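Undergrad: here is my input; please provide its structure:
(2 chains)
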Amino acid sequence: MSLLELKNISKIYGELKALDNVNIKVEKGEWVAIMGPSGSGKSTMMNIIGCMDKPSLGEVLLDGVDISKESSKKLTEIRRDKIGLIFQQFHMVNYLTAVENVMVSQYYHSMPDEEEALEALGRVGLRERAKHLPSQLSGGEQQRVCVARALINAPELILADEPTGNLDEANENIVLDLFRQLHREGTTLIVVTHDPEVAEAAQRTIVLEHGRVAREIINENFQE
Amino acid sequence: MKFRKLPFRNLTKKPGRTAMLTVLVMILSFAMFAGAATIFSLRNGMKSLEARLGADVIVVPVSAKSKVNLDEMLLQGTVGYFYMDSDVLEKVREIDGVEKASAQTFLATLRADCCSIPVQVIGIDPDTDFTVQPWIAQSYGKPLETYDLIVGSKVGTEIGSTLRIYQQDCQVVGRLDSTGTGMDTAVYTTMDTMHLLLEAAQGLGHDLKITGDPDEVISAVYIKVKDDSSAVSVNNYINVHIRKVESVQTKNMLTTVSDGMAGASSAMTILIGGIWVLTFLLIIAAFCMIIRERRLEFAVLRMLGASRRMLSGMIFTETAAICVLGSVLGILLACAVVFPFGGLIEEKLGLPFLQPGAGMCILLAAGTFLGVLLTGTVASMWTANRLSHVDASKILREGN
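TA: From the prediction side, this is the model:
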């Protein structure tokens, strides 16, 4: 069974169709990249998959359950329990330390556990920087904290929006290595990007144009 | 870190913003508490004045008006003296409609070489007095002996000490409770002592303008009119039929005070209302700025799984913390201003001013606290409502 299935999804704003009858399946443990130019519908799709928006038409099946008609409250619960989000601009809470930023995610999910949060930071190589505030961390370090934050509740799906957009090449490689590690561990990854190099790191790339799926590319050179 | 303390963490990490909001709340609670305490003090003063004055009509010599302002003498404790023959008392008692009549005799101590302090000395007849004697009986409980004094609450002398009045050593045996009127600055004694003091004053060359025997003079007659009679009639009768005296209805004196009090209370209420509206708008404006500043933070928390209710709770906790701190500081500041400077406020307003007791102060403080908390709750609900319309995903994408 697919972890995620979008069936005939459309998102309509007045006369504009941001998504137009999109059909996508993502299997459990798969790493998928979504590419497309500006205005192609990437962000709209990210919002729908990330339970931050609802489609105008169609079904969104997550773990076999249609969530397209769920209430905003229920979508919040689903996002909290099943999805880990990573953003281009990191979005750490600026008055909390790195470890506290990870623990906030635990707090809203279940119970904060500092040792577990430190372990998550250890996985992204930042255990030594746990007590630093975001302003004391580099962009790459902040993004790695956000990866740790996304991972901490063991979500079924990691959804990353331009995760390397604000990073230099060295940090981009670190983040992609983390994604490879997550993929090896069986985590499902959906990465929205406009960077071909990031897309090439995924198993499969879905290209959106004008709100439709233009093509799908299987990465023959995919490395575990 | 305990995450229930997340709102407090935010407050401590943004000291400037927290201080600004706390000061706003402090101003609000200061205005509410200080205003309410002042209004209550004025009302208490009025009630006390009514209770203490006790008389419906006061008779004074016609020359009294040229010597002192009777209202000021009674309300603000302006010292003064004037005298008339004591037979006025008997004439008044014979008037139809008079239930009770009692004389009082005044003596002002002005000269520092003869007296310990400048005060108004009032001689009363303990057997007939119905204006001060009940309070003296309540405070002291024993008959006053010769040269015994009961002092008003604002007379700066201790019970048991000696007050020297026209070189006569008088014993302070009791102190009256505060009334918020001129009675607080006077000392009370019996008519016998008063006559001794008058003789002593004359003996020292103090010209009291008394013609005849000092034992046969009084300063005022306080009249209680029968329930089935009219104070106006008694007042008019005295003015027409008794020579060289002027009769004044206390109701008219109180009306002046009451009008003044109503004016001061209204002005105070409008002022409090104005400050409340202004502060409320400022608090809302401050929250508006904060929403703009913190919308990204709230969007991140939403993205991490915080429900709208959780965020509303967080905003409410922050607001409540600020309201508790601000209102406590505001109330303490108001206490520090209103209570120690009550005398000055009384002097400036020219109205009887009797501060409420501890119980009423606690009630006023609790009312202020709840009022401020309610204001904060409304502001936080408004903020939470605004936040519920924020598109978290858009903010997260755009980064602001």
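Undergrad: do a quick rundown of the helices in chain A.
TA: A:42-49, A:72-82, A:98-109, A:114-123, A:139-151, A:169-184, A:196-200 (DSSP state H).
Undergrad: show me the shaky parts of chain A.
TA: For chain A, the stretches flagged by pLDDT under 70 are A:224.
Undergrad: get me the contact residues on it for chain B.
TA: Counting by Cβ under 8 Å from any Cβ of the partner chain, chain A comes close to chain B at A:43, A:47, A:50, A:52-53, A:72-73, A:76-77, A:79-81, A:85, A:87-89, A:91-96, A:100, A:103-105, A:107-109, A:112, A:149, A:161. All C-beta spots, glycine's among them, are computed from the backbone N, C-alpha and C.
Undergrad: next secondary structure after the longest helix seen in chain B?
TA: Ranked by residue count under DSSP H, the longest helix found in chain B is helix B:250-303. Once the chain leaves helix B:250-303, the next helix or strand it forms, by DSSP states H and E, is helix B:308-338.
Undergrad: which strands and helices sit next to that next one?
TA: Judged by 3 or more Cβ pairs under 8 Å, 6 or more residues apart in numbering or on different chains; DSSP states H and E, helix B:308-338 is in contact with helix B:6-13, helix B:15-53, helix B:250-303, helix B:358-388.
Undergrad: cutoff 6 Å now
TA: helix B:6-13, helix B:15-53, helix B:358-388 (3 or more Cβ pairs under 6 Å, 6 or more residues apart in numbering or on different chains; DSSP states H and E).
Undergrad: just the buried subset of the residues of chain A next to chain B, please.
TA: Neighbour-count burial (16 or more other Cβ atoms under 10 Å in any protein chain shown) is assigned, among these, to A:43, A:47, A:50, A:52-53, A:76, A:79-80, A:85, A:87-89, A:91-93, A:95-96, A:100, A:103-105, A:107-109, A:112, A:149, A:161.
Undergrad: for chain B, give me its nearest residue in chain A.
TA: A:Arg80 (2.8 Å; Cβ to the nearest Cβ).
Undergrad: what's near enough to touch that residue?
TA: A:Arg80 makes contact with A:Tyr108, A:His109, B:Gly305, according to Cβ atoms under 6 Å, 6 or more residues apart in numbering or on different chains.
Undergrad: could you export these as CSV, including distance to A:Ser138?
TA: Below are the contacts of A:Arg80 laid out as CSV (distance: Cβ to Cβ, whole Å):
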residue, distance to A:Ser138
A:Tyr108, 26
A:His109, 27
B:Gly305, 27
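Undergrad: domain-wise, how is chain B divided?
TA: Per automatic domain parsing, the domain ranges recorded for chain B read B:3-48+B:257-398, B:63-243.
Undergrad: how long is the shortest one from one end to the other?
TA: In other words, domain B:63-243. Using Cα to Cα, to the nearest Å, the span of domain B:63-243 from its first residue to its last is 12 Å.
Undergrad: if we ignore the residues flanking it in sequence, what's nearest the residue of the stretch 201-350 of chain B found nearest chain A?
TA: Proximity of the stretch 201-350 of chain B to chain A (Cβ to the nearest Cβ) peaks at B:Gly305, 2.8 Å away. Nearest residue to B:Gly305, sequence neighbours excluded (Cβ to Cβ, 6 or more residues apart in numbering or on different chains): A:Arg80, at 2.8 Å.
Undergrad: distance of that neighbour from B:Gly152?
TA: Noted for A:Arg80: a distance of 71 Å to B:Gly152, by Cβ to Cβ, to the nearest Å.
Undergrad: also A:Val198?
TA: Distance, A:Val198 to B:Gly152, by Cβ to Cβ: 89 Å.
Undergrad: swap in A:Lys7?
TA: 91 Å.
Undergrad: how about A:Ala199?
TA: Note on A:Ala199: its distance to B:Gly152, by Cβ to Cβ, is 92 Å.
Undergrad: do the same with B:Ala334
TA: 27 Å.
Undergrad: check A:Gln143 too.
TA: Distance from A:Gln143 to B:Gly152, by Cβ to Cβ: 77 Å.
Undergrad: likewise B:Ser66?
TA: Distance, B:Ser66 to B:Gly152, by Cβ to Cβ: 26 Å.
Undergrad: just B:Ala36 next, same as before
TA: B:Ala36 is 27 Å from B:Gly152, by Cβ to Cβ.
Undergrad: before we move on, what about A:Asn47?
TA: 77 Å.
Undergrad: and if you look at B:Arg309?
TA: Noted for B:Arg309: a distance of 60 Å to B:Gly152, by Cβ to Cβ.
Undergrad: cool, A:Pro37 as well?
TA: Counting by Cβ to Cβ - A:Pro37 and B:Gly152 are separated by 90 Å.
Undergrad: in chain A, which residue is closest to the centre?
TA: Compute the mean C-alpha point of chain A, and by Cα atoms, centre = their mean the closest residue is A:Leu159, 1.3 Å away.
Undergrad: contacting residues for it?
TA: A:Leu159 touches A:Ile49, A:Gly50, A:Ile83, A:Leu85, A:Ile190, counting by Cβ under 6 Å, 6+ apart.
Undergrad: from the residues you listed, which ones fall inside strands?
TA: Within those, residues falling in strands by DSSP state E are A:Ile83, A:Leu85, A:Ile190.
Undergrad: just give me the closest of those to A:Ser2.
TA: When those are compared for distance to A:Ser2 (Cβ to Cβ), A:Ile190 wins out at 12.3 Å.
Undergrad: count of neighbours near the closest one?
TA: Using other Cβ atoms under 10 Å in any protein chain shown, A:Ile190 has 25 neighbouring residues.
Undergrad: so for stretch B:128-144, what gets flagged as buried?
TA: Neighbour-count burial for stretch B:128-144, counted by 16+ other Cβ under 10 Å, picks out B:Asp129, B:Phe130, B:Thr131, B:Val132, B:Gln133, B:Trp135, B:Ile136, B:Ser139, B:Tyr140, B:Leu144.
Undergrad: contacting residues around that stretch?
TA: Contact with stretch B:128-144 is made by B:54-55, B:100, B:102, B:124, B:126, B:150, B:174, B:176, B:188, B:190, B:222, B:224, as judged by Cβ under 6 Å, 6+ apart.
Undergrad: what's the lowest-pLDDT member of these?
TA: Confidence by pLDDT is poorest for B:Gly54 among the contacts of stretch B:128-144, given 73.
Undergrad: quick one: contacts for that one?
TA: Per Cβ under 6 Å, 6+ apart, neighbours of B:Gly54: B:Phe130, B:Thr131.
Undergrad: please repeat the previous calculation with a cut-off of 8 Å.
TA: B:Phe130, B:Thr131, B:Tyr222, B:Lys224 (Cβ atoms under 8 Å, 6 or more residues apart in numbering or on different chains).
Undergrad: check which helices and strands the helix or strand harbouring the third one sits against.
TA: Translated: B:Tyr222. Assigned by DSSP H and E, B:Tyr222 falls within strand B:220-225. Applying 3+ Cβ pairs under 8 Å, 6+ apart, one finds that strand B:220-225 makes contact with strand B:57-61, helix B:87-93, strand B:98-108, helix B:231-241.
Undergrad: restricting to C-alpha, output it in CSV.
TA: Extracted as CSV, the C-alpha positions of strand B:220-225 are listed here (Å, rounded to 0.1, in the frame of the first residue of the first chain):
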residue,chain,number,x,y,z
ALA,B,220,-22.7,77.7,68.7
VAL,B,221,-25.9,75.8,69.3
TYR,B,222,-26.4,72.5,67.5
ILE,B,223,-30.1,71.6,67.0
LYS,B,224,-31.7,68.3,66.2
VAL,B,225,-35.3,68.9,64.9
